[in-house]
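Asks: Next come a sequence and a model predicted from it.
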Amino acid sequence: MEMVFVEVFWWFIIYSFIGWVYESILCSITEKKLVNRGFLTGPVCPVYGCGALIIIFCLSGVKDNLLALFLSSVVLTTVLEYITSYLLEKFFHAKWWDYSQYRFNVNGRVCLWGSLIFGLLSVAVIEWAHPFITGLLGKISPIALLWAGGVVFGVFLCDVVLTVRSILTLNGRLQEIQQAINTFKGQLAEASSQKKQEIMERFETSEFNTKHIKALVNRRKFQERRLLKAFPKLTSLRYEEALEKLKSLIYKKK
């Protein structure tokens, strides 16, 4: 039983890595620069690992019917992506991706084009990738898989903890910056008739842009820079102007 969990964990890690490669290549082409895509610092996208496990455990029984496998995969992966987007938004008060510009999207969280791609990838997993991966893992000593899995799990867990901590710290910074901006805007009698860019330009030279706020804006942390570059369309639901201010500095100094 212990080795079953170890093998399943390795499936999760391998498919998370494959997902990271896919996302990084796709985003690098879109952004025309190298992008370390993913919620975590390490080369893994856990949502792909979770998606692969769901497909493997739920749909292996219909692998002989490609149409049923494809359609079922579309539904399952779409639901997973929607739930993931919703939970990330609720936990961190931010939208990490947005498909609103695509036709046939649902609340910007999922879109038809993405769902079809995930359906095709799921068929590839069941038909080709998973048999190859299970065969490859079967050639490795169980003890080696167990010890290596323990090390990888420890690194993965540390990555999760540090990433979540970094995001919570970033939200704290954004809250202070946004409060200063909101206070400044409240002092402008004509603010309602000014564009956001004009307001922000006036904020730069105002008394509300204190040394403390400037220090918060200019603080450079690797994890925060990486996240903002990995998710260029990231938007904050509570601290929109503060986040845009940080992003403008990061992209200006890239």
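Replies: That came through fine.
Asks: Could I get the buried residue list for stretch 5-19?
Replies: 6-7, 9-19 (16 or more other C-beta atoms under 10 Å). No exception for glycine: its C-beta is placed from N, CA and C like everyone else's.
Asks: can you tell me which of those residues are in helices?
Replies: With helices taken from DSSP state H, the overlap with these comprises 6-7, 9-19.
Asks: I'd like these as JSON lines, with distance to residue 147 and pLDDT appended.
Replies: Shown next, in JSON lines, are these (distance: C-beta to C-beta, whole Å; pLDDT from 0 to 100):
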{"residue": "6", "distance to residue 147": "10", "pLDDT": "93"}
{"residue": "7", "distance to residue 147": "14", "pLDDT": "95"}
{"residue": "9", "distance to residue 147": "13", "pLDDT": "96"}
{"residue": "10", "distance to residue 147": "12", "pLDDT": "97"}
{"residue": "11", "distance to residue 147": "18", "pLDDT": "97"}
{"residue": "12", "distance to residue 147": "17", "pLDDT": "97"}
{"residue": "13", "distance to residue 147": "14", "pLDDT": "97"}
{"residue": "14", "distance to residue 147": "17", "pLDDT": "97"}
{"residue": "15", "distance to residue 147": "21", "pLDDT": "97"}
{"residue": "16", "distance to residue 147": "20", "pLDDT": "97"}
{"residue": "17", "distance to residue 147": "19", "pLDDT": "96"}
{"residue": "18", "distance to residue 147": "23", "pLDDT": "96"}
{"residue": "19", "distance to residue 147": "25", "pLDDT": "95"}
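Asks: Low-confidence bits of the stretch 101-250 of the chain, can you list those?
Replies: The stretch 101-250 of the chain contains residues with pLDDT under 70 at 186-221, 250.
Asks: now the helices: where do they sit in it?
Replies: Along the stretch 101-250 of the chain, counting by DSSP state H, counting those that start in this stretch, helices occupy 112-124, 130-138, 142-187, 196-204, 211-218, 222-230, 240-252.
Asks: Which among these is found nearest to residue 30?
Replies: When the helices of the stretch 101-250 of the chain are compared by C-beta to C-beta, helix 222-230 sits nearest residue 30, at 12.2 Å.
Asks: buried set for that closest one?
Replies: 223-224, 226-230.
Asks: Kindly report the same for stretch 238-245.
Replies: Applying 16+ other C-beta under 10 Å to stretch 238-245 flags 239, 241-243, 245 as buried.
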